[in-house]
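*Asks:* next comes the sequence, and after it the predicted model I'd like to discuss.
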Amino acid sequence: MAHVVIGLFGPARYMTDENTMYRGYDISILKDQFRSAIVLKNRIGRGNIEVPMLFNGAINTFEELPQHMNEAHYEIVKKLQKTLK
């Protein structure tokens, strides 16, 4: 029996050219590095929580993104993406 169940969602795989936004995040910039961690079930706390994450697959790390991203945040992500190539 699981006490906490967490799911990861990568919306970049489901975006179209017309629809590039997911919950206020521009997926055309974040690309496949955006993941949404969703607490599906939690017997010891709150459930049904969604946390936006920046995923770096090269070193397998996740970092929480701000709830509201502005242009400066996107510039930081673009610089990070250049170093990953």
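*Replies:* That came in fine, so what should we check first? Residues are numbered from 1 along each chain as shown.

*Asks:* packing partners of the helix ranked longest in the chain?
*Replies:* The longest helix of the chain (DSSP state H) is helix 71-84. Packing contacts for helix 71-84, counted by 3 or more CB pairs under 8 Å, 6 or more residues apart in numbering; DSSP states H and E, involve helix 27-30, strand 49-56. C-betas here are computed from N, CA, C, even on glycine.

*Asks:* most tightly packed of these?
*Replies:* helix 27-30 (a mean of 18; mean count of other CB atoms under 10 Å).

*Asks:* follow-up on the earlier one: closest to residue 42 out of the helices and strands packed on helix 71-84?
*Replies:* Of all those, it is strand 49-56 that lies closest to residue 42, at 7.9 Å by CB to CB.

*Asks:* the next helix or strand after the closest one pairs with which strands, and in what direction?
*Replies:* Moving toward the C-terminus from strand 49-56, the next helix or strand (DSSP states H and E) is strand 61-64. Neighbouring strands of strand 61-64 in its sheet, by DSSP bridges, are strand 49-56 (antiparallel).

*Asks:* and residue 6, bridged to which residues?
*Replies:* If you apply DSSP bridges, the partners that residue 6 bridges to are residue 39.

*Asks:* give me the pLDDT for the residue nearest to residue 52 when sequence neighbours are not counted.
*Replies:* Nearest non-adjacent residue to residue 52, counting by CB to CB, 6 or more residues apart in numbering: residue 65, 4.2 Å away. pLDDT recorded at residue 65 is 96.

*Asks:* let me see the contact set for residue 65.
*Replies:* Residues near residue 65 by CB atoms under 8 Å, 6 or more residues apart in numbering: 25, 34, 52, 53, 54, 73.

*Asks:* and for residue 46?
*Replies:* Listed by CB under 8 Å, 6+ apart, the contact partners of residue 46 are residue 39.

*Asks:* point out where this protein drops to low pLDDT.
*Replies:* By pLDDT under 70, the weakly predicted segments of the chain are 85.
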